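Chemist: Below: sequence and its predicted model.
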Amino acid sequence: MTSSPPETVTMKITHQEDAPAGWDALVDADPGADFFHTADWTRLAARCYPGLKPFWIEARQGDRTVGGMAGFDRVGRVPLLGPLVRLESNLEGVSGGPLVVGELDETARDHIFRALVEEMLRLATGSFSRCAISLNTFQENRFGHLLADQPLWQRFSVPGSVVDLSQGREHVEAHLMSMNKRNERNRALKRGVEACTTSDPALLRAYYPLYLAASQVWGQSPVPLEFLEALLGLGPEKCFFSCVRFEDQVIGGHLNLVHGDRVFAWNGVTDPAHARKHFPATVVMWWDIVESCARGARSLDLGASGGVVSLGGFKRNFGADLEERGFYVRESAGMKLLKQGQTLWSRVRRSGAKGGRRWHDRKGRT
């Protein structure tokens, strides 16, 4: 490994849709980078989400980029009080955070990481500001302590579920997948359920109303259809849609993102009306495994379960193990007071409110 004197590192911030030159090389040079660090993710999100202003921070040594962080600025206003600045290293609950060239020694890497974080904080101007950084497992193990040791950063544990595919599909089926899930898959296929891998936007659009209905039950803002279509449009080497159908009706799907030898089953839902007879959740999860193994992937990332015990258990039935991840938040004093007031108001209005439930807890399943 090579060491780099801290004083040789210079910082640059740009606000534009497209990534700075050399970003792809930086992603390739960081062994902890994943799909959500790529220029594609930030560029398409900035294009498809209203109100998102992207920022790119570069750490450079001479003409070489040795570190960087992409993120989004959600600029708004607090009525009668002033600007509201919310900086996020990523969105939709996925990882993000600083990138650092892997060949540098630990001292140099830590220095660059801290410099990138400090540069992000400089963007958080005003009395009402919030910075959020989400680290994947590799980053959490390497850099998490640098944020956790700082009293102004609050850490939240966000464990993710990951299926080890390194020994192939047959190993997953025989040794990791539970007998119950194998039986559900077999019954579903015998009853006419079909699964396929597709880049057809028409099938994604047929899936989207199901996802919209689930989002309403979850109490979450849905991902824009335009963003899902844009990701699918990157091509099958970067994104594919696992689609489950019964009698030509789409009853579930997962939008999967590919980076290196890791697949991320990122956006997905299945129809609870078919849950007990046609098992679309089991079929789509199995198909994610089938397609990921066919591509030579060594792991399938199923993401976090949001504290829902039954969902975590469902993933374990496919052999998923937990990986520790960290979500770090730093807020100004004004933002903390504002949140306290909003929390109190929401409690007053909570009686009879809908949302925040689990989709598959709905009645009427067959």
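Modeler: Here it is on my side, so go on.
Chemist: Going by C-alpha atoms from here, please, whenever you check contacts or count neighbours.
Modeler: Noted.
Chemist: Check the gap between T38 and G71 for me.
Modeler: 11 Å (CA to CA, to the nearest Å).
Chemist: Those two: who's more crowded?
Modeler: More neighbours surround G71 than the other of T38 and G71, with 26 against 19 (other CA atoms under 10 Å).
Chemist: list the contacts for the more buried one?
Modeler: Going by CA atoms under 8 Å, 6 or more residues apart in numbering, G71 touches 42, 54-56, 87-90, 96.
Chemist: Look up which helix or strand it falls in, please.
Modeler: strand 64-78 (DSSP states H and E).
Chemist: right, and the helix or strand after that strand?
Modeler: strand 82-88.
Chemist: and the angle for that following strand with strand 64-78?
Modeler: Between the axes of strand 82-88 and strand 64-78, defined by axes from the mean of the first three to the mean of the last three CA atoms, to 10 degrees, the angle is 140 degrees.
Chemist: So what touches strand 82-88?
Modeler: 71-78, 120, 124-133.
Chemist: which residues of the protein score low on pLDDT?
Modeler: 1-7, 306-307, 309, 340-366 (pLDDT under 70).
Chemist: So which residues of it form helices?
Modeler: 23-29, 39-48, 106-123, 137-148, 169-171, 179-190, 201-218, 225-232, 275-278, 280-294, 309-316, 333-349 (DSSP state H).
Chemist: what's the closest of these to A265?
Modeler: For A265, the closest of those is helix 280-294, at 7.4 Å, according to CA to CA.
Chemist: tell me which strands and helices that closest one is in contact with?
Modeler: Contacts defined by 3 or more CA pairs under 8 Å, 6 or more residues apart in numbering; DSSP states H and E place helix 280-294 against helix 169-171, helix 179-190, strand 194-198, strand 239-246, strand 249-259, strand 262-270, strand 299-304.
Chemist: Just the buried positions in that helix, please.
Modeler: By neighbour count with 16 or more other CA atoms under 10 Å, helix 280-294 contains the buried residues 280-293.
Chemist: between it and strand 194-198, how big is the angle?
Modeler: Using the same axes, to 10 degrees, helix 280-294 lies at 50 degrees relative to strand 194-198.
Chemist: Just the residues contacting helix 280-294, thanks.
Modeler: Outside helix 280-294, the residues touching it (CA under 8 Å, 6+ apart) are 165, 168-169, 181, 184-185, 188, 193, 195-197, 242-244, 251-254, 256, 263, 265, 269-271, 274-275, 299-300.
Chemist: Type out the PyMOL command that picks the buried ones from the residues you listed.
Modeler: A single PyMOL command selects the buried members of these (16+ other CA under 10 Å):
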select buried, resi 165+168+169+181+184+185+188+193+195+197+242+243+244+251+252+253+254+256+263+265+269+270+271+274+275+299+300
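Chemist: circling back to that earlier point, possible to save the helices and strands packed on helix 280-294 as CSV with distance to E324?
Modeler: Shown next, in CSV, are the helices and strands packed on helix 280-294 (distance: least, CA to CA, whole Å):
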stretch, distance to E324
helix 169-171, 24
helix 179-190, 25
strand 194-198, 30
strand 239-246, 25
strand 249-259, 20
strand 262-270, 16
strand 299-304, 10
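Chemist: Minimum distance to A213: which of those has it?
Modeler: Ranking those by proximity to A213 (CA to CA) places strand 262-270 first, at 9.8 Å.
Chemist: Direction included, what does the closest one pair up with?
Modeler: strand 249-259 (antiparallel), strand 299-304 (parallel) (DSSP bridges).
Chemist: Contact partners for the residue most central in space within the chain?
Modeler: Among the residues of the chain, the one closest to the centroid is V94, at 2.2 Å (CA atoms, centre = their mean). Applying CA under 8 Å, 6+ apart, we find V94 in contact with 36, 134, 303.
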